[in-house]
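Peer 1: structure for the following, please:
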Amino acid sequence: MSTYRLKIGDTEYEAEVKSITPDKARVVVNGTEYAVDLVSIGRPAVAPARAAVALPASAAAKAPSSAARGATKGTAGSVRSPMPGLILRLEVKEGDSVKAGQALLVMEAMKMENVIPSPHNGTVRKILVAEGANVAEGDILVEVARPEMTTV
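Peer 2: Here you go, the predicted structure:
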């Protein structure tokens, strides 16, 4: 995911964010993994060149479970986040008919806007995210139901 060089006092650290959800993160600092409870995630008005992360000095905590990482079963029409990011815009609403490849939402990841398309023709059954939400890789964003099949 994201790797940072941090300086706390006179000591430098190498930190890697392995996963992040709205309330938990898995972070590796100088080779030691930590489970971190997030109090808030904010976006500064002007993004700094490097991010600073405060970590506990205690030993590594247990990594969060798949439930804490936001993993859910989903359905065949589930559209998952291909990477961690921030939801910028929803392009559809529940009940809308969509075509394969049509934009469902736009998310920001790695300082780029990424259009998340519909995997097939169908109807937007459920939207599981809101504009401004942070999502982790694999989180279900939208469910698109396939049209009913009929026989002749």
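Peer 1: quick one: Asp96 from Leu104, how far?
Peer 2: Plainly put, Asp96 is 9 Å away from Leu104 if you go by C-beta to C-beta, to the nearest Å. Glycine gets a C-beta too; all of them are placed from N, C-alpha and C.
Peer 1: the more surrounded of the two?
Peer 2: Leu104 (21 against 15; other C-beta atoms under 10 Å).
Peer 1: contacting residues around the more buried one?
Peer 2: Val79, Leu90, Glu91, Val92, Val98, Ile116, Pro117, Ser118, Val124, Leu141, Val142, Val144 (C-beta atoms under 8 Å, 6 or more residues apart in numbering).
Peer 1: averaged pLDDT, the helix or strand encompassing it. What do you get?
Peer 2: Assigned by DSSP states H and E, Leu104 belongs to strand 103-109. Strand 103-109 comes out with an average pLDDT of 93.
Peer 1: just the buried positions in it, please.
Peer 2: By 16 or more other C-beta atoms under 10 Å, the buried positions in strand 103-109 come out as Leu104, Leu105, Val106, Met107.
Peer 1: is it true that Val142 touches Ile127?
Peer 2: Yes. The criterion here is C-beta atoms under 8 Å, and Val142 meets it with Ile127 at 5.4 Å.
Peer 1: hey, what's in contact with both of these two?
Peer 2: Shared contacts of Val142 and Ile127, counting by C-beta under 8 Å, 6+ apart, come down to Val92.
Peer 1: what's the closest of the contacts of Leu104 to Tyr34?
Peer 2: Leu141 (27.2 Å; C-beta to C-beta).
Peer 1: how far away from the center of its chain is the longest strand out of those in the chain?
Peer 2: Secondary structure of the chain read by DSSP state E shows that its longest strand is strand 11-20. In terms of C-alpha atoms, centre = their mean, to the nearest Å, the centre of strand 11-20 is set 17 Å apart from its chain centre.
Peer 1: also stretch 108-119?
Peer 2: Using C-alpha atoms, centre = their mean, the offset of stretch 108-119 from its chain centre is 11 Å.
Peer 1: ditto for stretch 28-42
Peer 2: 15 Å.
Peer 1: and that stretch, what's buried?
Peer 2: Across stretch 28-42, burial judged by 16+ other C-beta under 10 Å covers Val28, Val29, Tyr34, Ala35, Val36.
Peer 1: which residue sits closest to the third one in space, ignoring its chain neighbours?
Peer 2: Put plainly, it is Tyr34. Val27 (5.0 Å; C-beta to C-beta, 6 or more residues apart in numbering).
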